[in-house]
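> would you be able to build a 3D model of this:
(4 chains)
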Protein chains: 2
Amino acid sequence: MKIGELAKRSGLTAYTIRYYEQIGLLPLADKDASGQRNYDASILTWIEFLGRLKSTGMPIREMLRYADLRQKGSGTDAERRALLVAHREKVRAHVANLQANLLVLDAKIAGYADAEKRIEIENGQPERKPLRAGRARTF
Amino acid sequence: MKIGELAKRSGLTAYTIRYYEQIGLLPLADKDASGQRNYDASILTWIEFLGRLKSTGMPIREMLRYADLRQKGSGTDAERRALLVAHREKVRAHVANLQANLLVLDAKIAGYADAEKRIEIENGQPERKPLRAGRARTF
DNA sequence: CTAGAAGTTCGAGTGCACTCTAAGTCAAGG
DNA sequence: CCTTGACTTAGAGTGCACTCGAACTTCTAG
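I've put the predicted structure just below:
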């Protein structure tokens, strides 16, 4: 497939695909007689994995390290594994941090809900939330 | 307190504190007679909250929107709350995505572990992992 | 009193990860 | 055959969030 189709299928732009090739994240693509890149569908698996590393916050430098090891092939397994294990720990820590912050966010939001309630009470019975109304969503 | 101490206590650099003030994330600081910024400890609470928004991935633009509403004061509660609720949803989605990617990472790492085991088997009993050895660390 | 640490402003520089422009070549449909 | 869209390269530009340099003033400890 050509770069345009790979772009569509991978979700990357053609610009980004060339950029990734240039920096070494993607292998140098095979070119046809006229110099156009020709991709095998198998590249999609690699791009998808890169996407996972990226979306878990791995910087390109580190993805490059992994890509280098991968391209070197056999004998780099232990190092590749170590790299992923280290990354996994960072991701786990990040998730834990996000979850802690979610709790703070919950508390903050609850505080605003309370404030709104207090205002409603100060204003008397608000017509948009009648006393006996069950599951009425106000907004 | 002066900017240097606030920097120490908040974990931001003095540069960043001035930058945040300049863009409006922090209120214009009171200045003493000679023009040096003088902070009340209460600013730390706000900085800490900004840090939580930041570490959950909120871009500065959006923090600015929140800071603006906050500074406008009363009457903006509903909008501030809505902003936080929307952000919370994004964070939740992000956490879910990270967790899904962690599972893929687990599988990938397990694959490397298997590959190492296969190599050991191909090489016969590896001396670095004797059959009955308990907690030997190899590296 | 004075050296040096810490403060000030303004504007320029950095690092990351793209994203696009320009100028040209190639390919596929009418 | 010809247009139009997709492709090529090299290099410049973008947006974000800082981070720093320069030139200057002020505070503080000895």
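> any regions of chain A where pLDDT drops low?
Across chain A, the ranges flagged by pLDDT under 70 are A:116-139.
> now do the strands in it.
Along chain A, the segments classed as strands by DSSP state E run A:30-31, A:37-38.
> give the contact list for residue A:43.
A:6, A:10, A:26-27 (C-beta atoms under 8 Å, 6 or more residues apart in numbering or on different chains). Any C-beta I mention is one placed from the backbone N, CA and C, and that applies to glycine too.
> what separates the spatially most central residue of chain A from residue A:75, distance-wise?
Residue closest to the mean C-alpha point of chain A, counted by C-alpha atoms, centre = their mean, is residue A:55 at 2.5 Å. From residue A:55 over to residue A:75 the distance is 29 Å, taken as C-beta to C-beta, to the nearest Å.
> which parts of chain A sit against DNA strand D?
Residues of chain A found near DNA strand D (C-beta under 7 Å from any atom of the strand) are A:2-5, A:7, A:14, A:18, A:29, A:31, A:35-37.
> what about the closest residue to DNA strand D within chain A, how many neighbours?
Closest residue of chain A to DNA strand D, C-beta to the nearest atom of the strand: residue A:4 (2.5 Å). Applying other C-beta atoms under 10 Å in any protein chain shown, we find 13 residues neighbouring residue A:4.
> do stretch A:9-25 and chain B come into contact?
No: residues of stretch A:9-25 are not located near chain B by C-beta under 8 Å from any C-beta of the partner chain, the shortest gap being 14.2 Å.
> and residue A:106, what is it in contact with?
Per C-beta under 8 Å, 6+ apart, neighbours of residue A:106: residue B:88.
> what does the one 3 residues further on give?
Remark: with contacts taken as C-beta under 8 Å, 6+ apart, residue A:109 is in contact with B:81, B:84-85, B:88.
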